[in-house]
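Peer 1: how would this look folded up:
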Amino acid sequence: MADSTPIGVVTVSDRASRGEYEDKGGPGIEAALARILASPWHPVRRLVPDEQPLIEAALRELADVENCPLIVTTGGTGPALRDVTPEATEAVCERILPGFGELMRAVSLRAVPTAILSRQMAGTRGRSLIVNLPGKPSAIAECLDAVFPAIPYCIDLMGGPRLETDPAVCAAFRPKGA
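Peer 2: Numbering: from 1, shown residues only. Here you go, the predicted structure:
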């Protein structure tokens, strides 16, 4: 794994962190990344409850200690009182990239009208890009597919490692005529 890029995969869920519910979000992220990425990578997993200080600590550790150029979260992006992933992300980021959330909501709205309730977002911390995704595996793949064309370029601009994508998979991401 020395030549493999560490990618943070954070599941935010009270029930999954207590073992009452199977984490499907983290594996959903990993499956989507396995399909998209051609360069070697390995997940650095975290499973935390919906507690802002614990989410912040996980994000800081993945960015500052584990040196993950990409950290992807799932869960905690809705309007429920305990959904605090966007707040934790904003608290640890130096820059917010609003286009990620805008695009993810636009794509999700094609499938479900309740996507307007989603608060997905992205931001940077040092040389790490943090992207909040929804909790449902099909929505994870849909949103990650939508924003992934910008991810390797963003990481490159921050001085991070080059993430190679599978050309056959990523060709499907491009808008018609591009």
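
Peer 1: Just name the shakiest helix or strand of this protein by mean pLDDT.
Peer 2: Using mean pLDDT, DSSP states H and E, helix 167-171 stands out as the lowest-scoring helix or strand of the chain, at a mean of 70.

Peer 1: Tell me which residues touch the residue positioned nearest the centre of the chain, please.
Peer 2: Residue closest to the average C-alpha location in the chain (CA atoms, centre = their mean): residue 72, at 2.4 Å. Contacts for residue 72 (CB atoms under 8 Å, 6 or more residues apart in numbering) come out as 7-10, 29, 33, 130-131, 133, 144. From N, CA and C alone the C-beta is placed, and that goes for glycine too.

Peer 1: same deal with residue 101?
Peer 2: Residue 101 neighbours (CB under 8 Å, 6+ apart): 118-122, 132.

Peer 1: That one sits in which helix or strand?
Peer 2: Counting by DSSP states H and E, the element that carries residue 101 is helix 98-109.

Peer 1: right, and the helix or strand after that helix?
Peer 2: strand 122-125.

Peer 1: So which elements touch that following strand?
Peer 2: Contacts defined by 3 or more CB pairs under 8 Å, 6 or more residues apart in numbering; DSSP states H and E place strand 122-125 against helix 85-92, strand 95-96, strand 128-133.

Peer 1: can you count the residues close to residue 104?
Peer 2: Residue 104 has 26 neighbouring residues, counting by other CB atoms under 10 Å.

Peer 1: Now do the same contact list for it.
Peer 2: 118, 120, 133-134, 143, 146-147.

Peer 1: switch to 10 Å and redo it
Peer 2: 77, 115, 118, 120-122, 131-134, 139, 142-144, 146-147 (CB atoms under 10 Å, 6 or more residues apart in numbering).

Peer 1: quick one: it from residue 132, how far?
Peer 2: 9 Å (CB to CB, to the nearest Å).

Peer 1: intersection of neighbour lists for those two?
Peer 2: Contact criterion CB under 10 Å, 6+ apart; residues shared by residue 104 and residue 132: 77, 118, 120-122, 143.
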